[in-house]
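Undergrad: sequence below, structure please.
(one chain, ligands or ions: 3)
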Amino acid sequence: MENTLQLVRNVVPSLTTKKHKGQDGRIGVVGGCREYTGAPYFAAISALKVGADLSHVFCTQEAAPVIKSYSPELIVHPVLDSPDAVRDVEQWLPRLHALVVGPGLGRDDALLENVKGILEASKARGVPVVIDADGLWLIAQQPALIQGYRKAVLTPNHVEFGRLSEAVVSQPATQLGAPLDGGDRHGAVLRLSQALGNVTVVQKGEQDVISDGEQVLVCSQEGSGRRCGGQGDLLSGSLGVLAHWALRAGPGKTGGPSPLLVAAFGACALTRQCSQQAFQKHGRATTTSDMVTEVGPAFRRLFEA
Ligand SMILES: NC(=O)C1=CN([C@@H]2O[C@H](COP(=O)(O)OP(=O)(O)OC[C@H]3O[C@@H](n4cnc5c(N)ncnc54)[C@H](O)[C@@H]3O)[C@@H](O)[C@H]2O)[C@@H](O)CC1
Ligand SMILES: Nc1ncnc2c1ncn2[C@@H]1O[C@H](COP(=O)(O)OP(=O)(O)OP(=O)(O)O)[C@@H](O)[C@H]1O
Ligand SMILES: [Mg+2]
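TA: Numbering: from 1, shown residues only. Ligands and ions are numbered 1, 2, ... in the order given. Take a look at the predicted model:
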């Protein structure tokens, strides 16, 4: 654990007076619809609090005023349900360092079709993508969308992992419902990553298991017993920034594991540390907003010690 945390520290940029706004990260979150406005907010605000300079949300028209009202810090584009959605997002891509696709996206077919176009445009430009939540629903329908794209990280929860495995490696459904033991989980994550052409996969759970098809890392940083919604969104937003930092630093700084493995490990450790710290203060009443408040102190404790 400690050795891998040190690798994360190696990619964290220093705060100096020589930098300009945007240099340490311009992150985009694609998600936010009528039902879900919290998820993209949690992802985007977490990216900022980890250290991105600018955080954009690309959501539906209806969701935009709601998300804006949560925070003056986010830049919110009400474009995702427009007929020009792909073009509207594409024009921002040259200015974005990473895209987090899926928190609060929903499963509307027209929206998913737009997201498909956004993913294709991101791949064409080599923009790193973190795919979470309903973005993973899309990938389970069309794995070819991400096949072999080495700058992608998928962050499935238990159910999302089962869906992806069934779609990609035809894992028997009987195995999907049952909790896998440690050894099986490693193998299952490794196989899914390999089947997707070495896309990095983070299976969230009691321990987070991370693989790029070559190595497997396990994050067992102490978290809490609280399982409120939104914690995965904090993780995917944080990972957007860390992925950018790690890829920019390159394998020379991350040692043996690939940059995206190190970034994913960092985001998992941070999310769990936030959970632990928030739980110490709020106990059973802990919510993801309490965890967002802990991002700064948790980051300092893990990565700036
Ligand atoms: N405040 C918000 O706006 C939030 C919105 N969310 C969004 O809600 C949408 C659906 O996400 P879901 O995660 O519900 O996806 P799914 O609808 O695929 O999840 C199915 C169900 O699986 C269950 N589940 C999760 N982990 C499990 C485990 N380890 N064992 C057994 N069952 C488990 C959950 O209770 C969930 O009801 C996404 O767009 C997501 O981003 C969530 O991120 C939570 C917060
Ligand atoms: N059983 C568990 N014990 C400890 N930590 C857990 C457990 N399950 C999940 N976590 C942690 O909670 C965080 C979110 O994982 P979770 O599986 O809840 O994601 P999710 O379902 O996508 O969340 P969201 O509600 O944001 O969609 C991760 O950091 C993960 O490590
Ligand atoms: Mg989720």
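Undergrad: have a look at this protein and report its longest helix.
TA: Identified as the longest helix of the chain according to DSSP state H is helix 259-282.
Undergrad: so how far is it off the chain centroid?
TA: Computed by Cα atoms, centre = their mean, to the nearest Å, the chain-centroid distance of helix 259-282 equals 12 Å.
Undergrad: dump the residue contacts of the residue of the stretch 201-305 of the chain found nearest ligand 1.
TA: At 3.2 Å from ligand 1, G229 is the closest residue in the stretch 201-305 of the chain, using Cβ to the nearest ligand atom. For glycine as for every other residue, the C-beta is placed from the backbone atoms N, C-alpha and C. With Cβ atoms under 8 Å, 6 or more residues apart in numbering as the criterion, the residues that contact G229 are G38, T288.
Undergrad: now swap in H56 and tell me
TA: H56 is in contact with R26, I27, G28, V29, A44, L74, I75, V76, H77, W92, L96, counting by Cβ under 8 Å, 6+ apart.
Undergrad: phi first, then psi, for it.
TA: Backbone torsions of H56, given as degrees, to the nearest 10, read phi -110, psi 150.
Undergrad: the residue of the stretch 201-305 of the chain closest to ligand 1 in helix, strand or coil?
TA: Three-state assignment for G229 (DSSP: H, G, I helix; E, B strand; the rest coil): coil.
Undergrad: take the contacts of H56 and keep only those in strands.
TA: R26, I27, G28, V29, I75, V76, H77 (DSSP state E).
Undergrad: so K281 is in contact with D290, correct?
TA: Yes. Assessed by Cβ atoms under 8 Å, K281 is found in contact with D290 at 7.0 Å.
Undergrad: between these two, which has more neighbouring residues?
TA: D290 (18 against 11; other Cβ atoms under 10 Å).
Undergrad: A269 and R301 touch, don't they?
TA: No. Using Cβ under 8 Å as the test, A269 is too far from R301 to be in contact (10.2 Å).
Undergrad: so these two - more neighbours on which side?
TA: More crowded of A269 and R301, by other Cβ under 10 Å: A269, with 25 against 14.
Undergrad: what about that one, distance to S220?
TA: According to Cβ to Cβ, to the nearest Å, A269 stands 9 Å off from S220.
Undergrad: I'd say K49 and M291 touch.
TA: No. Using Cβ under 8 Å, K49 is not in contact with M291, being 10.4 Å away.
Undergrad: have a look at these two and say which one is more surrounded.
TA: Neighbour count, other Cβ under 10 Å: between K49 and M291, M291 has more, with 30 against 23.
Undergrad: tell me the SS of the more buried one?
TA: From three-state DSSP, the assignment for M291 is helix.
Undergrad: quick one: contacts for it?
TA: Residues in contact with M291 (Cβ under 8 Å, 6+ apart) are G230, Q231, L234, T271, C274, S275, Q277, A278.
Undergrad: how about the residues you listed, which pair is most distant?
TA: Maximum pairwise distance in those, criterion Cβ to Cβ, is 15.7 Å, between G230 and Q277.
Undergrad: name the element L112 belongs to?
TA: In this structure, L112 is located in helix 109-125 according to DSSP states H and E.
Undergrad: list the buried ones in that helix?
TA: L111, L112, N114, V115, I118, L119, A121, S122, K123 (16 or more other Cβ atoms under 10 Å).
Undergrad: with adjacent residues omitted, what lies nearest to the second one?
TA: With sequence-adjacent residues excluded and distances taken as Cβ to Cβ, 6 or more residues apart in numbering, L112 is closest to L138, at 5.0 Å.
Undergrad: just give me the neighbour total for the one you found.
TA: The burial count for L138: 23, using other Cβ under 10 Å.
Undergrad: give the contact list for it.
TA: Residues near L138 by Cβ under 8 Å, 6+ apart: G102, L112, V115, K116, L119, L145.
Undergrad: switch those residues over to CSV; also include pLDDT.
TA: As requested, the contacts of L138 are exported to CSV (pLDDT from 0 to 100):
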residue, pLDDT
G102, 98
L112, 98
V115, 98
K116, 98
L119, 98
L145, 98
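Undergrad: which single one of the residues you listed is nearest to ligand 3?
TA: G102 (8.0 Å; Cβ to the ion).
Undergrad: quick one: that closest one and L239 touch, right?
TA: No. Here G102 does not reach L239: they are 11.9 Å apart, not a contact under Cβ under 8 Å.
Undergrad: show me what from the stretch 1-150 of the chain comes close to ligand 1.
TA: Residues of the stretch 1-150 of the chain lying close to ligand 1 by Cβ under 6 Å from any ligand atom are Y36, T37, G38, A39, P103, G104, L105, G106, A133, D134.
Undergrad: how about 5 Å then?
TA: Neighbours of ligand 1 within the stretch 1-150 of the chain, by Cβ under 5 Å from any ligand atom: Y36, G38, A39, P103, G104, A133, D134.
Undergrad: fine, thanks again, bye for now.
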